[in-house]
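Novice: Everything below, folded, please.
(2 chains)
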Amino acid sequence: MADQAGSQNAARTPRTAVVIGGNRIPFARSGGAYAYSSNKDMLIAALDGLVARFGLQGERIGEVAAGAVLKHSRDFNLTREAVLGSALSPETPAYDLQQACATGLETVVGLSNKIRLGQIESGIAGGVDSASDAPIVVSEGLRRVLLDLSRARTPQQKIKALGRLRPKDLSPNAPTTGEPRTGLSMGEHQALTTAAWNISREAQDELAYRSHQNLAAAYERGFFADLMTPYRGLTRDANLRADTSPEKLATLKPVFGTSLDTPATMTAGNSTPLTDGAALVLLGSEEYATANNLPMLATIVDAEAAAVDFVHGDEGLLMGGVHAVPRLLQRNGLTFDDFDFFEIHEAFAGTVLSALAAWEDEDYCKRVLGLDGALGSIDPSKLNVNGSSLAAGHPFAATGGRIVATLAKTLSEKGGRGLISICAAGGQGVVAILEARN
Amino acid sequence: MADTYLELVNTPLPGRIARALGLPRPAVLRRYTPGEVLAPRPVLVAGAGAGADALADVLLGWDIEVRRHVLPGEKLSAAIVVLDRASSPTDLTGPLLELGQAVKLLVPGGRVVALFRSAADTTDPAEAAARQGVDGAIRSVAHELRGGATGNGIVLRGTATTTDPTTLGALRFLLSGKSAYVDGQFLEVTAVSADGVVDLAATTGAEGEGIPDQPLAGRTAVVTGAARGIGAKIAEVLARDGARVIAVDVPAAGEQLAAVANRVGGTALQLDITAPDAAARILEHVRGRYGALDVVVHNAGITRDKLLANMDAARWDSVIAVNIASQLRMNEQFLASPVFSESGRIISLASTSGIAGNRGQTNYAASKAGVIGMVRAQAAAFDGGARTINAVAPGFIETDMTAKIPPLTRQVARRLSSLQQGGLPVDVAEAIAFLASDAAAGINGQVVRVCGQNLVGA
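Specialist: Below is the predicted model:
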């Protein structure tokens, strides 16, 4: 492969960054097929599948960026270690990034910007997460005792350090999806938002049903044949229920918002389960793709990040994307009518439906988003047309890579323009625009 | 699965016991390694006439020590008997008796190769008897050879001569370790027109050194069923010979397929070959990435064994769909596409089951015999052009599939060939790589068995 075509005369003016393709491993339910796979194992598997698909063996890629939300301290250099374990050239640089569930999309934004600036010609972006192989941390008390013990020089000092140990210090801290500043889980946060926007149980179940239907149909027509490489015997997303129905979903018991005054509507069926998996996309300049006879599925046009004050204000935790989208549209002179596909990450069905309701709400759009009126409506037939996280599952940092590759391929098949919105912990959201090449 | 009996009889004491009891003593076969010396010992070229003389000259140019008669006690790497002028059965006497003396002097892994004309190309009964007689004699010699030696023939069709590029290509293949498990076979070669199809330098070797290291350099090859077993080995050997390999298998086998593609520096293409758009997707991938498609290896195949009396439509149909219907459909689309090279090669996997039949495999045998029928008909259509199509029919090959045969049946199956052992996936892959090379330009419509001269279906 021609190595880093044209990097000597790196242009000062922004160039075009394209999505060349993607690869992910099927997403497994936590404790399932990948129960004993580490983040590094899964990231290497996704990398090797991508390398095999595009014949990148031994190639020095401009940069690889990926991350994990649930990360062991030993994996401080996770992405670089995965590169070293992969079929790529060991001279490929890599860095880790972490922005909660927006990690994957933010790696795409960062590397595509480097490509646009001429700093690199090719990049691999994405992420991985394992809810099964999550780090378990010793208690704060035990940690301090152990650190003091390592510094102790005399037997007396050692005994003194150990003497501070209490039985309660021996129970480990398991990871949670709780927000550090509120103590509420993500589901409980969303339950507040779902209730505030009056999103019905039926609407949430309907959205979940459509996600499963769309994902199953995508598998049926072979849509994922060049987006996925099986791993550990799993050939499809384990969470996919092609035979589910609104009736079946209606039988599930609510699990979030059960202590609110309003009816609890959020169930295991219309919330994403804890999931393991990895997803990556191959990015490049147009020159790189052309020089190496690689396809160009879509152009990465622009991106925007936003954060909301869910701690002191009354905005919902997962409403970051709602704030980012109008800013991105305004900068690009676009409205919802200019888009053919919308990929709104289904953290919960309520997240998507709250966002849609907010953008249709004139008062909210004026008062909170500072717009002249309602941002607009999104045609459900343009939304998550090949399924999303409710069906596929949501290994936090892997979701961005899954969505970018899925949308890019959809655009290469159908043409048009697509909008991605991914909400993240900490009240954040990252959104991006992709355009078909033709 | 390792053949532990073979390993055992190749150690001193068990070897002596096996000899004393008259048990089979399979040899460790001489297989190709890069840089192989074709014939470290002298080679006999028996037979008289211009064809034999010209061939002896070529071998001298390959830095081979050539003998025209057996020297008492001198070991030989190979014995080549040239009978291209035999016009009556009595013409065989001298050369074949000379061959008989040479056989005793063959080194382990030695080679017997006969060059003769096709009985189908004469109307003279005595000449046809002589030519067909060579066939019978060489098959019998192959049965008699020991120590991993093999006996094969090169059948000159039409105006082909003993020194045509394809004749020499076939001879090199048969002398080399690449043909370790090819035994009792006859390769028919035709003269290739001089319009640039065959690269002489590549065929004869620039300095008479062995076979060129990368005879497939610059070629793009598609291998179906490449995730495992024989298909994975075919991908490896084609890549070793310089080809850019597109490894194809069903999406469910994608993890192993990616590993193969990464090992051979190729690309993985996950698709179901029975899908109507399979060929179109392969052509699109090739067109975008490489430009032209030079070699197609139809390796993907399945078995769904059942006695015919118990056969159901699902078993029958799935085997036909994967093993033959998909190949017919894809070939039609390849041949209609400008992406498929004008000197393109198609190599299909047949099976000895398709030649001899096999209990419980009516569906499989129908599909594999079907491959042979397809290859012969398509080859006739290719006549006069630079494209070729051939089949390779593996016998008992040591794979995951044959490892599932019950142990005793497996042991018996292994010994039921002249080489008294199963072949390895690499043996099948070498035959395919040879047929894909320029050296095989004059081989078309053949079914090459890689079976160690299996006793069934011979």
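Novice: gap between the one helix or strand residue A:206 maps to and the chain center?
Specialist: Here residue A:206 sits within helix A:201-220, counting by DSSP states H and E. On the basis of C-alpha atoms, centre = their mean, to the nearest Å, helix A:201-220 sits 19 Å off its chain's mean C-alpha point.
Novice: again, but for stretch A:431-438
Specialist: Worked out by C-alpha atoms, centre = their mean, stretch A:431-438 lies 18 Å from the chain centre.
Novice: CA-only coordinates of that stretch in CSV, if you can.
Specialist: Taking C-alpha atoms only, stretch A:431-438 is exported to CSV below (Å, rounded to 0.1, in the frame of the first residue of the first chain):
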residue,chain,number,x,y,z
VAL,A,431,-23.3,15.1,17.2
ALA,A,432,-22.0,14.9,13.6
ILE,A,433,-23.1,15.2,10.0
LEU,A,434,-22.1,12.7,7.3
GLU,A,435,-22.8,13.1,3.6
ALA,A,436,-23.0,10.5,0.8
ARG,A,437,-20.3,10.8,-1.9
ASN,A,438,-22.5,10.8,-4.9
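Novice: quick one: average confidence on it?
Specialist: For stretch A:431-438, mean pLDDT is 94.
Novice: now stretch A:349-358
Specialist: Stretch A:349-358 shows a mean pLDDT of 97.
Novice: which residues sit against that stretch?
Specialist: Stretch A:349-358 has contacts (C-beta atoms under 8 Å, 6 or more residues apart in numbering or on different chains) with A:190-191, A:193-194, A:196-199, A:203-205, A:207-208, A:265-266, A:270-271, A:316, A:318-319, A:321-322, A:344-346, A:364-365, A:368, A:377-378, A:383-384, A:390, A:421, A:423. All C-beta spots, glycine's among them, are computed from the backbone N, C-alpha and C.
Novice: how about a cut-off of 7 Å?
Specialist: Identification of contacts with stretch A:349-358 by C-beta atoms under 7 Å, 6 or more residues apart in numbering or on different chains yields A:190, A:193-194, A:197, A:199, A:203-204, A:207-208, A:266, A:270, A:316, A:318-319, A:321-322, A:344, A:346, A:364, A:378, A:390, A:421, A:423.
Novice: Next secondary structure element downstream of the helix holding residue A:206?
Specialist: Next helix or strand after helix A:201-220 toward the C-terminus (DSSP H and E): helix A:246-250.
Novice: Not counting sequence-adjacent ones, nearest residue to residue A:121?
Specialist: Leaving aside its chain neighbours, residue A:121 sits nearest to residue A:288 (4.2 Å; criterion: C-beta to C-beta, 6 or more residues apart in numbering or on different chains).
Novice: How far off centre is the strand or helix carrying that neighbour?
Specialist: Counting by DSSP H and E, the element that carries residue A:288 is helix A:286-291. Between the centre of helix A:286-291 and the centre of its chain there are 27 Å (C-alpha atoms, centre = their mean).
Novice: tell me what that helix is packed against?
Specialist: Other elements packing on helix A:286-291 under the criterion 3 or more C-beta pairs under 7 Å, 6 or more residues apart in numbering or on different chains; DSSP states H and E are strand A:17-24.
Novice: quick one: least confident helix or strand in chain B?
Specialist: In chain B, no helix or strand scores lower on mean pLDDT, DSSP states H and E than helix B:200-204, which sits at a mean of 41.
Novice: quick one, strands of the stretch 51-200 of chain A?
Specialist: Along the stretch 51-200 of chain A, the segments classed as strands by DSSP state E, counting those that start in this stretch run A:63-66, A:94-96, A:122-129.
Novice: any chance of those in a markdown table, plus distance to chain B, mean pLDDT and mean neighbour count?
Specialist: Below are the strands of the stretch 51-200 of chain A laid out as a markdown table (distance: least, C-beta to the nearest C-beta, whole Å; pLDDT from 0 to 100; neighbours: other C-beta atoms under 10 Å in any protein chain shown):
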| stretch | distance to chain B | mean pLDDT | mean neighbour count |
| --- | --- | --- | --- |
| strand A:63-66 | 16 | 98 | 28 |
| strand A:94-96 | 18 | 98 | 20 |
| strand A:122-129 | 15 | 98 | 34 |
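Novice: Show the contacting residues for residue 83.
Specialist: As the question left the chain open, I've gone with chain A. A:64, A:92, A:94 are the contacts of residue A:83 under C-beta under 7 Å, 6+ apart.
Novice: should've been chain B
Specialist: Counting by C-beta under 7 Å, 6+ apart, residue B:83 touches B:47, B:92, B:95, B:114, B:115, B:116, B:134.
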